[in-house]
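Colleague: Have a look; sequence and predicted model below, questions after that.
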Amino acid sequence: MPHPDLRRLPLLLNLLALLSIGVELIIGSSQQSLLGSTMALIGLSLLLRRMKMYRVARLSSLPALAMLVLFVLSFILPDSWIGYSTWAHLFDLWPGENAFYALRPSILITLTLLLLVLPPLLFRRPHLIAPLLCTVAVLLSLTQLLEQLHFDFNEDTGLTPPSGLTLGLLLLAEAIDLHRQLGRHRRPIRLAKAGALLAVIITLTLWHFQNSQNLYQVNHLALSAGDTLSESMGRMLAVQNGAMQRFSQSWQSTPGLPGQTEWQQRSQLMLRDFPDIESIGWFDRERRLRRVVSRHAGESPPPTDTPAVREALQQVFGYGQQSSAGIFDVHATERSIGLYFPIDEGSEERPGRGAVVFNLSLSELFHQLGARMTATDDFLFTIHHDQQGLFSTGNGHRLSEDRYCNLVTLGDSNFTLCTQPTMDRLFAERASLPALLLLTGLAFALMLYLVMYYHQRLRSKHSGVVNANRRLRNEVEARIALQAEVEWLARHDELTQLPNRRYFMEWATERLSSHGGAVLLIDIDHFKTVNDHFGHARGDHYLKCVAEVARRPIEASGGLLARYGGEEFVAFLPEAEEDEAALCAERIRREVNLLELEQPHTGGWLTVSIGFDCADGLFDIEELIDDADMALYRAKQAGRDRIMPT
Ligand SMILES: Nc1nc2c(ncn2[C@@H]2O[C@H](COP(=O)(O)OP(=O)(O)OP(=O)(O)O)[C@@H](O)[C@H]2O)c(=O)[nH]1
């Protein structure tokens, strides 16, 4: 019996789901509209199925199925067949500025939706397969939720609150419908579902393992990109630093101020070799800038009298140490760092001969660095100094939340170099194996479910048939037994179990005509008094005892004893002559007497009188019986307890 209170609930939930996704489509971003439309179609086809409009339901679910299959293919097809960029271009066709990963829901959500769209499409009796689909769908949604909580980098679920609500409502409606519809299928389904669910759980565990491995690899890629970049930057700076040091020391041998021409020539060589050097200057012992060569003519010289510069020069002249003077703006857009090198060793009392300053353009330095990196589009590189962003590759793509930072030293300044992979790159790097494994595992679970379900059903049907057969066989046997009993009763006397008169007549007539024989009529003497005195039960007992005693000698002679009626018995001895009949009759009379059954009339033991007749050419049983009866009568007349021939 369906639960009347639950009958309308799935329909209501289905309508609410459609309403929720409708709101999403109206107010949501175009980014969500692809998934939103797919979900709306699924909701609609489920609703139509509930309203028993099966054909329309099937039709409306087809576009949703196509979309979901496309999503699934994008997860599982190897890169060598269809690469990430091809998929990305395909999804670019959807209106609005959407990235592939923003349009496509996660594999778990995609498969959940696929499971929801299957019942109206494929199965004539969806309630048979739907229990598994529904349970797996719930399981997938839960896994998605857990995944979301556990990982730093995650593929988006693709769900917004309204679409999440829609999915939840659709699943709930299906679950309630199932609960209502299962009825007699519940038992085989429970077993099949248990087997299949085990397969699903194993699949999900393996998928989870594979997925985390893959995520680790993807993250590792971004991490190693950061390492490579900082190493490369370190190497580049070391080379440049060496060159700058050698340049500074080369002026040791030049007495006094370097000649303008020579300074010019040698500085130009440095500027040519190192494009990030903006200008090279010479400070004399009095810390005045005496020589400057700039890359760009007419450019304003770098600052010479700021606290940072003074401090840097103090280092150079005071301790003969290389130093740097913070970050400064050469002009509005260009940021530089000043690196100061001593020409010779000086001291507090006697400063060195001078210092060489190199002003490096940070943007040029980092651009050079970027040029050494492959696939710079896939990462955002940022460089910070004292929390201040100095440089960024300015990638406009959506970025992953993961940043990998390293420390790089320039002069005595520390820079933080960070790499941040783009979502495009991370998606392109994700292997299709976990999704493939998930899909194969679920397909296997589905097959297992079907096989187990039909096996169970056949088994229960088979045992039903076996039971019905057994019942039928028992019934037939009972009928045969009843029939035999009826037949037996038609030919026998129930009390003494002896053949009755009818059977006797047939039997005796048959044998009499071919072989002759003798008839014996046996009558219990004064039987009425037994009944009257002891009651009918004792009378019945006497009848049984006499029958038992009389049948033995008759049957031993190949004859038949029957109850003739009342307390009278008749026997036929085939082929018997008078002697044999007399012998047999006498034996019966004697043995009855020996039973020692109390006879109330005489006060002695029970007795019988027997009259007998032989065929002697007479072949009519009736006549023989009549003759025997006459003899019996005479026996009674003669005083009973005796045998009497005719
Ligand atoms: N208990 C019992 N009594 C039976 C059955 N059939 C007949 N009788 C009784 O047998 C008695 C026969 O009595 P009668 O025909 O007067 O003969 P009898 O008393 O044996 O006297 P004689 O034959 O002249 O010696 C009757 O009282 C019947 O009721 C039976 O199946 N069971």
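Modeller: Cool, got the structure.
Colleague: near the ligand, which residues of the protein show up?
Modeller: Within the chain, the positions near the ligand by Cβ under 6 Å from any ligand atom are 495, 523-528, 531, 536, 539-540, 543, 566-567, 636. All C-beta atoms are positioned from the backbone trio N, CA, C, and that covers glycine.
Colleague: So which of these belong to helices?
Modeller: Residues from the residues of the chain next to the ligand lying in helices, with DSSP state H as the criterion: 527-528, 531, 536, 539-540, 543, 636.
Colleague: ok, of the residues you listed, which come out buried?
Modeller: Buried subset of these (neighbour count, 16 or more other Cβ atoms under 10 Å): 527, 531, 539, 543, 636.
Colleague: Tell me which residue in the stretch 501-646 of the chain sits closest to the ligand.
Modeller: residue 539 (2.5 Å; Cβ to the nearest ligand atom).
Colleague: for residue 609, helix, strand, or coil?
Modeller: At residue 609 the chain is in strand, as set by DSSP: H, G, I helix; E, B strand; the rest coil.
Colleague: pLDDT score assigned to residue 419?
Modeller: Looking at residue 419, its pLDDT stands at 82.
Colleague: same question, residue 384
Modeller: Note for residue 384: predicted pLDDT of 82.
Colleague: Just list the residues touching it, thanks.
Modeller: Residue 384 sits next to 390, 415-416, 418 when contact means Cβ atoms under 8 Å, 6 or more residues apart in numbering.
Colleague: From the ones in helices among the residues of the chain next to the ligand, pick the one nearest residue 215.
Modeller: Closest approach to residue 215 among these (Cβ to Cβ): residue 540, at 96.9 Å.
Colleague: Can you tell me the closest non-neighbouring residue to the closest one?
Modeller: Spatial nearest neighbour of residue 540, excluding adjacent residues (Cβ to Cβ, 6 or more residues apart in numbering): residue 495 at 5.9 Å.
Colleague: Can you get me the start-to-end distance on stretch 357-367?
Modeller: Distance across stretch 357-367, first residue to last, is 22 Å (Cα to Cα, to the nearest Å).
Colleague: chain center to that stretch: distance?
Modeller: Centroid separation for stretch 357-367 versus its chain: 60 Å, with Cα atoms, centre = their mean, to the nearest Å.
Colleague: ok, the residue of the stretch 301-450 of the chain found nearest the ligand to residue 193 distance?
Modeller: With Cβ to the nearest ligand atom, the shortest gap between the stretch 301-450 of the chain and the ligand falls at residue 450, namely 71.0 Å. Remark: distance between residue 450 and residue 193 (Cβ to Cβ, to the nearest Å) = 11 Å.
Colleague: Quick check on these two: which one has the bigger neighbour count.
Modeller: Between residue 450 and residue 193, residue 193 has the larger neighbour count (other Cβ atoms under 10 Å), namely 21 against 15.
Colleague: who's in contact with the more buried one?
Modeller: If you count contacts by Cβ under 8 Å, 6+ apart, residue 193 has them with 131-132, 135, 449.
Colleague: ok, now with 6 Å
Modeller: 131-132 (Cβ atoms under 6 Å, 6 or more residues apart in numbering).
Colleague: List the first helix or strand encountered after the helix or strand in which it is found toward the C-terminus.
Modeller: Using DSSP states H and E, residue 193 sits within helix 186-249. Sequence order places helix 260-273 as the next helix or strand after helix 186-249, per DSSP H and E.
Colleague: what's in contact with that following helix?
Modeller: Counting contacts by Cβ under 6 Å, 6+ apart, the residues outside helix 260-273 that touch it are 247, 277, 280, 291, 293, 295.
Colleague: so of the residues you listed, which ones are in helices?
Modeller: Checking the contacts of helix 260-273 against DSSP H, those in helices are residue 247.
Colleague: quick one: which of the contacts of helix 260-273 is nearest to residue 435?
Modeller: The closest of these to residue 435 turns out to be residue 277 (Cβ to Cβ; 50.9 Å).
Colleague: so what's the closest one bridging to?
Modeller: Counting by DSSP bridges, residue 277 forms beta bridges with residue 360.
Colleague: ditto for residue 561
Modeller: For residue 561, the beta-bridge partners are residue 571 (DSSP bridges).
Colleague: Measure how buried it is and give me the count.
Modeller: If you count neighbours by other Cβ under 10 Å, residue 561 ends up with 25.
Colleague: hmm, back to that, can you redo the buried ones among the ones in helices among the residues of the chain next to the ligand as CSV, where the extra columns are pLDDT?
Modeller: Below are these laid out as CSV (pLDDT from 0 to 100):
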residue, pLDDT
527, 96
531, 95
539, 96
543, 97
636, 96
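Colleague: average model confidence for stretch 637-644?
Modeller: Mean pLDDT, stretch 637-644: 95.
Colleague: what's in contact with that stretch?
Modeller: Stretch 637-644 is contacted from outside by 525, 585-586, 589, 607, 609-611, 631, 634-635, using Cβ under 6 Å, 6+ apart.
Colleague: one more time with 7 Å
Modeller: 525, 582, 585-586, 589, 607, 609-612, 631-632, 634-635 (Cβ atoms under 7 Å, 6 or more residues apart in numbering).
Colleague: from these, which two are the most distant?
Modeller: Across the contacts of stretch 637-644, the longest distance by Cβ to Cβ is 18.8 Å; it joins 525 and 582.
Colleague: Compare these two and say which is more crowded by neighbours.
Modeller: Between residue 525 and residue 582, counting by other Cβ under 10 Å, residue 525 is the more crowded of the two (22 against 19).
Colleague: my guess is the more buried one contacts residue 609, does it?
Modeller: Yes. Contact criterion Cβ atoms under 7 Å: residue 525 and residue 609 qualify, at 5.8 Å.
Colleague: how about the nearest residue to the residue of the stretch 301-450 of the chain closest to the ligand, chain neighbours excluded?
Modeller: residue 129 (7.0 Å).
Colleague: Now do the SS call for the one you found.
Modeller: Reduced to three states with three-state DSSP, the structure at residue 129 is helix.
Colleague: low-scoring stretches of the stretch 151-300 of the chain, by residue?
Modeller: Within the stretch 151-300 of the chain, the ranges that satisfy pLDDT under 70 run 151-158, 182-188, 299-300.
Colleague: That should have said the stretch 351-500 of the chain, apologies.
Modeller: In the stretch 351-500 of the chain (pLDDT under 70), the answer is 351-352, 370, 372-376, 394-397, 411.
Colleague: Angles on the backbone of whatever residue of it ends up closest to the ligand, please.
Modeller: Residue nearest to the ligand within the stretch 351-500 of the chain (Cβ to the nearest ligand atom): residue 495, separated by 5.9 Å. Reported as degrees, to the nearest 10, the phi and psi values for residue 495 are phi -70, psi -50.
Colleague: from memory it sits against residue 541, does it?
Modeller: No. Residue 495 is beyond contact range of residue 541, at 9.8 Å (criterion: Cβ under 7 Å).
Colleague: Give the residues shared as contacts by the two.
Modeller: Common neighbours of residue 495 and residue 541 (Cβ under 7 Å, 6+ apart) do not exist.
Colleague: Just give the nearest non-adjacent residue to residue 441, would you?
Modeller: Leaving aside its sequence neighbours, residue 441 sits nearest to residue 203 (Cβ to Cβ, 6+ apart; 2.7 Å).
Colleague: Can you tell me the number of residues neighbouring that neighbour?
Modeller: When counting by other Cβ under 10 Å, one arrives at 21 neighbours for residue 203.
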